[in-house]
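Engineer: from the sequence below, what's the structure:
(chains A and B)
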Amino acid sequence: MAAEIIKRKTFLFVDDDVGFLTSIQGLFSEMARGRWDIFTAENHAQALALLSKLRVDVVVLDIVMPVMDGIQFLQLLGRTHPGQQVVMLTGEATEEKRKTCLESGAALFLEKPVVPDGFAAIFAALDALAGALPQGGFRGMMRRVGLQEVLQMECLSRKSSVLEVFTGKVRGRIAICDGSIVHAESGALQGEVALYVLLALRGGEFNLLPFTEPPRRTIEGQWESLLMEAARLSDEGQKFLEPDEAGPGAAEPGEFAAGAALDRPAGQVRIEEIVLCSGAGEVLYEWETKSLELRLRLLEQIEQQATQLSSLAPVGRFDRLEILTPEGRIVCQVQPDRRLFVRSAGTRAAVA
Amino acid sequence: MNEALQAFLDRNLPLPGVAACSARLADRSFVSRCYSDWFTAAQVEQALSRLALAADSLGYHGIQPARLCWVFEHSRIHLALRRDGACLAFFVENRPGIASARLENLLEEFTGLSAL
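Structural biologist: Below is the predicted model of the structure:
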């Protein structure tokens, strides 16, 4: 008969309360009956030193700790030890902390027990988590990878997933079903506009989640065309908008102007007005527009003038008109599926 | 032909990627040069008239343009407007590697030329 091999589960408890660490080590060792290896650390430095030498199934973090609190350490572990299961265990649970921890990648958010039975519940949860089979697929970090590449990978492999995107100010989701982009949302925006806004972000974070059917499908068409269009709009947008150096916290287009833009030094621009319409003229997004009717009429007029020019000379399909004024720049783009008006002020004078 | 404009064009053109240029003087006369068979002088002059009208019509929308760039699939048409009513258009191939900065400088220089 083959000997039964039981894999021992390994835990690292990180807490600045040495008394708690001692108690929990004793109690859980007893409850585990030799099936657990328990390590302890009093701060993040000790924990990192341990994690550099050994691999544990679960790290259990207290939240309130000096120098680097548990939430910060959780986020640090997300970068230094991607895929590491982390459980938050705190005596000061709030809904806000719970949300932050779970969004930062914690597997569980547990409250420190105040009654003896509570420790049994914690033990059971940790035991189950450490024994759970990992989810299919890889979990890891991809540095300097754009959303476009992630979407490409999902679409090329005909997968179904939801790409959750977030920066400090912008949050959105892109749904992919059987390799097609079927929905995007970002704040009040939905559909292609939301997709383009999200893909124009220059920094941030994302989670690739299992597919769930969106409330409604707002995007049709080939993913290749959508991504190419997003890339083109993004290029033009960056050239035109010159937003702040983005990282986590990059803003959506309207916000470029709303914040500290007025305080920018000479040589930079701020967006003052945006109108985005569908090809049929339906207004999809407008920002700081004094007269929407006038702007719509302008876009219509430009389309007519461009058509006349196209008939006069072999210039091809019209894309956009860029206007330099004493105050700044204006871009009017007229495409079969959309019309865009963006007005900016600033001293970057060149009409490229 | 206006001497200042003549000298300006002689000094600066042709340029790589510039298929044609056309200037409309303050007296409404045209000076056009074509450097490829893409455009004829008649075409660029007609186009420039339309462009100038289109630029004027922007005033109705509260826009006072100094320079414009119409971007088409195959061509970019750069237009500079002067206060005396003269204007200059470059008809440029829409492809990478065109010296846009050089064109911008020329348009800037055009607006600063003495009376045309």
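Engineer: low-confidence ranges in the stretch 251-352 of chain A?
Structural biologist: When residues are selected by pLDDT under 70, those of the stretch 251-352 of chain A lie in A:251-269, A:347-352.
Engineer: beyond the lowest-mean-pLDDT helix or strand in chain A, next helix or strand please.
Structural biologist: The element with the least model confidence among the helices and strands of chain A, by mean pLDDT, DSSP states H and E, is helix A:253-258, at a mean of 31. Using DSSP states H and E, the helix or strand that directly follows helix A:253-258 along the chain is strand A:269-278.
Engineer: buried residues, that next one. List them.
Structural biologist: Of the residues in strand A:269-278, those buried under the neighbour-count criterion (16 or more other Cβ atoms under 10 Å in any protein chain shown) are A:Val269, A:Arg270, A:Ile271, A:Glu272, A:Glu273, A:Ile274, A:Val275, A:Leu276, A:Cys277. C-beta: built from backbone N, CA, C; applies to glycine.
Engineer: which one of the residues you listed is nearest chain B?
Structural biologist: Distance to chain B, by Cβ to the nearest Cβ, is smallest for A:Glu273 among these, at 11.1 Å.
Engineer: spatially nearest residue to that closest one (excluding sequence neighbours)?
Structural biologist: Across the structure, with Cβ to Cβ, 6 or more residues apart in numbering or on different chains as the measure, the residue nearest A:Glu273 apart from its sequence neighbours is A:Arg343 (4.1 Å).
Engineer: ok, now which ones touch the one you found?
Structural biologist: For A:Arg343, the contact set (Cβ atoms under 8 Å, 6 or more residues apart in numbering or on different chains) comprises A:Ile271, A:Glu272, A:Glu273, A:Ile274, A:Gly328, A:Arg329, A:Ile330.
Engineer: format those as JSON lines; extra columns: distance to B:Glu108.
Structural biologist: Rendered in JSON lines, the data for the contacts of A:Arg343 read as follows (distance: Cβ to Cβ, whole Å):
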{"residue": "A:Ile271", "distance to B:Glu108": "25"}
{"residue": "A:Glu272", "distance to B:Glu108": "24"}
{"residue": "A:Glu273", "distance to B:Glu108": "26"}
{"residue": "A:Ile274", "distance to B:Glu108": "28"}
{"residue": "A:Gly328", "distance to B:Glu108": "17"}
{"residue": "A:Arg329", "distance to B:Glu108": "15"}
{"residue": "A:Ile330", "distance to B:Glu108": "19"}
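Engineer: burial count for residue 65?
Structural biologist: Let's take chain A. Residue neighbour count, defined by other Cβ atoms under 10 Å in any protein chain shown, stands at 19 for A:Met65.
Engineer: oops, I was thinking of chain B
Structural biologist: Neighbour count for B:Pro65, taken as other Cβ under 10 Å: 21.
Engineer: could I have stretch B:49-60 exported to CSV, CA atoms only?
Structural biologist: Listed next in CSV are the C-alpha coordinates belonging to stretch B:49-60 (Å, rounded to 0.1, in the frame of the first residue of the first chain):
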residue,chain,number,x,y,z
SER,B,49,-10.9,79.5,-53.3
ARG,B,50,-13.0,76.9,-51.5
LEU,B,51,-10.6,76.7,-48.6
ALA,B,52,-10.5,80.5,-48.2
LEU,B,53,-14.3,80.6,-48.2
ALA,B,54,-14.4,77.8,-45.7
ALA,B,55,-12.0,79.6,-43.5
ASP,B,56,-14.1,82.8,-43.7
SER,B,57,-17.2,80.8,-42.7
LEU,B,58,-15.6,79.7,-39.4
GLY,B,59,-16.1,83.3,-38.2
TYR,B,60,-19.8,82.6,-37.9
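Engineer: quickly check: it near chain A or not.
Structural biologist: Yes: where contact is defined by Cβ under 8 Å from any Cβ of the partner chain, part of stretch B:49-60 touches chain A, namely B:Arg50, B:Leu51, B:Ala54, B:Ser57, B:Leu58.
Engineer: buried stuff in that stretch?
Structural biologist: In stretch B:49-60, residues buried by neighbour count (16+ other Cβ under 10 Å) are B:Ser49, B:Arg50, B:Leu51, B:Ala52, B:Ala54, B:Ala55, B:Leu58.
Engineer: on that earlier part again, in the residues of stretch B:49-60 next to chain A, find the pair that's most separated.
Structural biologist: Using Cβ to Cβ, the residues of stretch B:49-60 next to chain A reach their maximum pairwise distance at B:Arg50 and B:Leu58, which is 13.2 Å.
Engineer: and B:Ala54, that's in a helix?
Structural biologist: Yes: looking at B:Ala54 with DSSP: H, G, I helix; E, B strand; the rest coil, it is inside a helix.
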